[in-house]
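>>> Model the following, please.
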Amino acid sequence: MRIYTFDNTLDGLLTAVYDAFALRQQPEELIGEGGQIPLFCDDVHNVKTATDKAERVWAGLESRLSKEAIRMISVSWLSELQELNTPLFRYICKVFKEPKNAPSIERNFSDPDIITVTNIARRVMHEQLRMKQFIRFQKAKDGTYLGVVSPDHNVLPLITDHFSDRFGDQPWLIYDAKRKYGYYYDRTEVVHVTFEKESTLPFNLANGKLDEQTLSDDDQLFQELWRTYFKSICIKERMNPKKQRSDMPRSYWKYMTEKQ
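Take a look at the predicted model:
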């Protein structure tokens, strides 16, 4: 049984594709660093990530697949799911095994690898849509708006354009508490930000709330008004907790003003 291992990066996965063709091998599985290698595996190839190899593979994909298929591959990778590694690896290998002038395999949904990658990408896209709906901003005293989230998938790169377009005249910071990074918009450009220590965060990581010294005075009032409004429009006789959890997953509640 032949296994490839890699460093859990997209460049690493693309390098694994390059190695598979260079070595004329087809591994049964591609396992990320820290993953469990099967007990009776007698052939393990440790892929050493090489940017130049990854770029060659990616350029090859762009020449063979549509922009939509390339986007689906990119989006699926943001899922961060270990179960994606082998299907995505095999999908890309299949692209290069087809003659360059042959019809693209990207819509062959009878292929289990293609359908797996496509379905995972759709799950990521579904969550990025929910993030746009459920992010709640707080206004700091300096005028910056803060939104804290903790999505299942790494969707922040997919939603920044939406907020820079919609709130182009306001500075904001959207922070992923699970992955410990965020994006800051200064009315001109969106930049990637991290904090060296959690103690330097201007908000409570557990609930995403700004402390009283940082929260603007008017925002405290607006939050209370929003909670009051949310309660007032709820009709007790029509409450459907199951439907509510389906539309608004419980994992999002801790960062939502109306649920605090």
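>>> residue ranges for the strands of the stretch 1-150 of the chain, please.
2-6, 29-32, 43-46, 137-139, 145-149 (DSSP state E, counting those that start in this stretch).
>>> strand partners of the third one, parallel vs antiparallel please.
Each strand that pairs with strand 43-46, with its direction, by DSSP bridges: strand 2-6 (parallel).
>>> hey, least reliable of the strands of the stretch 1-150 of the chain by pLDDT?
With a mean of 86, strand 137-139 has the lowest mean pLDDT of the strands of the stretch 1-150 of the chain.
>>> and residue 69, what does it touch?
Residues in contact with residue 69 (Cβ atoms under 8 Å, 6 or more residues apart in numbering) are 104, 106. For the C-beta atoms, the positions are set from N, CA and C on the backbone; glycine is no exception.
>>> Okay, it and residue 152: tell me how far apart.
24 Å (Cβ to Cβ, to the nearest Å).
>>> got it, and residue 115?
20 Å.
>>> For the residue sitting nearest the centre point of the chain, which non-adjacent residue is spatially closest?
By Cα atoms, centre = their mean, the chain has its centre lying nearest to residue 154, at 2.1 Å. Using Cβ to Cβ, 6 or more residues apart in numbering and skipping the chain neighbours, the partner closest in space to residue 154 is residue 78 (4.5 Å).
>>> Please tell me I have it right and that neighbour contacts residue 159.
No. Assessed by Cβ atoms under 8 Å, residue 78 is found out of contact with residue 159, at 11.0 Å.
>>> rewinding a little: residue contacts, the residue nearest to the centre of the chain?
78, 79, 80, 176, 179.
>>> Can you say which of the strands of the stretch 1-150 of the chain is nearest to residue 127?
strand 145-149 (10.0 Å; Cβ to Cβ).
>>> what is the mean pLDDT for stretch 73-92?
For stretch 73-92, mean pLDDT rounds to 98.
>>> If you count neighbours, what's buried in it?
73, 75-79, 81, 84-92 (16 or more other Cβ atoms under 10 Å).
>>> How far off centre is stretch 159-175?
17 Å (Cα atoms, centre = their mean, to the nearest Å).
>>> can you give me the end-to-end distance of that stretch?
12 Å (Cα to Cα, to the nearest Å).
>>> now what about that stretch, what contacts it?
By Cβ under 8 Å, 6+ apart, stretch 159-175 touches 128, 131-132, 135, 137, 143-149, 156, 181-187, 190, 193, 203, 208.
>>> where are the low-confidence patches of the stretch 101-250 of the chain?
Scanning the stretch 101-250 of the chain with the threshold set as pLDDT under 70 gives 217-250.
>>> what are the bridge partners for the residue nearest to residue 82 when sequence neighbours are not counted, then?
Using Cβ to Cβ, 6+ apart and skipping the chain neighbours, the partner closest in space to residue 82 is residue 32 (5.7 Å). Beta bridges link residue 32 to residue 6, judged by DSSP bridges.
>>> list the contacts for residue 32?
5, 6, 7, 8, 82, 85.
>>> Go ahead and produce CSV holding the CA coordinates of the longest helix along the chain.
Across the chain, the longest stretch assigned as helix under DSSP state H is helix 112-134. Provided in CSV are the C-alpha atoms of helix 112-134 (Å, rounded to 0.1, in the frame of the first residue of the first chain):
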residue,chain,number,x,y,z
PRO,A,112,-17.0,10.1,-6.6
ASP,A,113,-14.0,12.4,-6.2
ILE,A,114,-15.5,15.2,-8.3
ILE,A,115,-18.8,15.0,-6.4
THR,A,116,-17.0,15.0,-3.0
VAL,A,117,-14.9,18.1,-3.8
THR,A,118,-18.0,19.8,-5.3
ASN,A,119,-20.2,19.0,-2.2
ILE,A,120,-17.5,20.2,0.2
ALA,A,121,-17.1,23.5,-1.7
ARG,A,122,-20.9,24.0,-1.6
ARG,A,123,-20.8,23.5,2.2
VAL,A,124,-18.2,26.2,2.5
MET,A,125,-20.1,28.6,0.2
HIS,A,126,-23.2,27.9,2.3
GLU,A,127,-21.4,28.9,5.5
GLN,A,128,-19.9,32.1,4.0
LEU,A,129,-23.5,33.1,3.1
ARG,A,130,-24.5,32.6,6.7
MET,A,131,-21.6,34.6,7.9
LYS,A,132,-22.7,37.6,5.8
GLN,A,133,-26.2,37.2,7.5
PHE,A,134,-25.2,36.6,11.1
